[in-house]
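Engineer: Predicted model and sequence below, questions to follow.
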Amino acid sequence: MLAVPPAAPPPQGWPVLYVLDGDLVFALAAQLMRNRFARGPGTPAQGAVVVGLGYAGDRVLDLDARTYDYTPSAPGPATDMRGRREGGADALLDFLDATVRPQVEQAVRTDMARQTLFGHSYGGLCVLHALFTRPGGFQNYVAASPSVWWRDGFILQEQAGFRATRRGDAAPVRLLVTLGEREAQRLADPARAAIARERRSAEHLHTLLDGLRGTPGLDWRFLSFPGAGHGDSMAPAVQQALALAIGDGA
């Protein structure tokens, strides 16, 4: 899915925001981008191309597909507890680089120095995996409510490897991690609270954020959205991702 700003591109081309879970996120991100031009062509506005990565089926949220596409390859079983395949994140990122990006660049003038990747939940896990294992792919990474708990915090191992090999002269990258305020609070539902304790969600997230401090060439921020839970924190995270992609104060 592709949304192009309703204006002539700047000389260097438009920045690009790639959004995972495009069936859920693309329409919102595209509308937020178009809203910037609502005052008409005579009013200067900044924009970005929005690219949504979704699925060909009729389900808004393809749980089987996203479980495979957004999780890294890790030791252990090839499926989760529900029997869904895991470990396809690198195949997805390769597809994005080899197939999607060339199509986008052919369709519209883009700025290769302003590329942003956004993902929520499992998608946020995939964004972190992309940053930690192939940091030159994008300039900006937005991990919204990332599933850092997955496989008992496997992504923290990749983070440690990223930090250990990160040189001081590496090309700078930016990372935004977001969370709904209610995600960090004690859950009233005993069943959901038990799942959170088993996953050690808060502990893994704190470890992630602590490990980001002092990483060479990494400009990172953490945002918590007041009153938001896991699902409804997606919308403000998309808004922040668009602002970061355009470069106007995020």
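Structural biologist: Great, that's in hand.

Engineer: and the longest strand seen in the chain, average pLDDT?
Structural biologist: If you go by DSSP state E, the chain has its longest strand at strand 110-120. If you average the pLDDT over strand 110-120, you get 97.

Engineer: swap in stretch 229-237?
Structural biologist: Per-residue pLDDT over stretch 229-237 has a mean of 94.

Engineer: low-confidence ranges in the chain?
Structural biologist: Residues of the chain meeting the criterion pLDDT under 70: 41-44, 186-199, 249-250.

Engineer: just the strands in it please.
Structural biologist: Using DSSP E, strands in the chain cover 2-3, 14-19, 49-52, 110-120, 140-144, 173-180, 218-225.

Engineer: how about these, which one is nearest residue 73?
Structural biologist: Smallest distance to residue 73 across those (CB to CB): 17.0 Å, for strand 110-120. For the C-beta atoms, the positions are set from N, CA and C on the backbone; glycine is no exception.

Engineer: Could I get the buried residue list for the closest one?
Structural biologist: For strand 110-120, burial by neighbour count (16 or more other CB atoms under 10 Å) applies to 110, 111, 114, 115, 116, 117, 118, 119, 120.

Engineer: For it, give me every contacting residue.
Structural biologist: With contact meaning CB atoms under 8 Å, 6 or more residues apart in numbering, strand 110-120 is reached by 10, 12-21, 25, 29, 48-49, 70, 104-105, 125-127, 130, 137-146, 233-234, 237-238, 241, 244-245, 247.

Engineer: can you rerun that using 6 Å?
Structural biologist: Here strand 110-120 makes contact (CB atoms under 6 Å, 6 or more residues apart in numbering) with 12-20, 126-127, 138-142, 144-145, 234, 241, 245.

Engineer: When you filter those residues down to buried only, what's left?
Structural biologist: 13-20, 126-127, 138-142, 144-145, 234, 241, 245.

Engineer: Help me confirm that residue 221 comes into contact with residue 176.
Structural biologist: Yes. Look at residue 221 against residue 176 with CB atoms under 6 Å: they come within range, at 5.4 Å.

Engineer: between the two, which one's more packed in?
Structural biologist: Per other CB atoms under 10 Å, whichever of residue 221 and residue 176 has more neighbours is residue 176, with 23 against 13.

Engineer: Make sure the more buried one is actually in contact with residue 144.
Structural biologist: No. The pair residue 176 / residue 144 is not scored as a contact, 8.3 Å apart, by CB under 6 Å.

Engineer: Tell me who's in contact with residue 155.
Structural biologist: Contacts of residue 155 by CB under 6 Å, 6+ apart are 128, 148.
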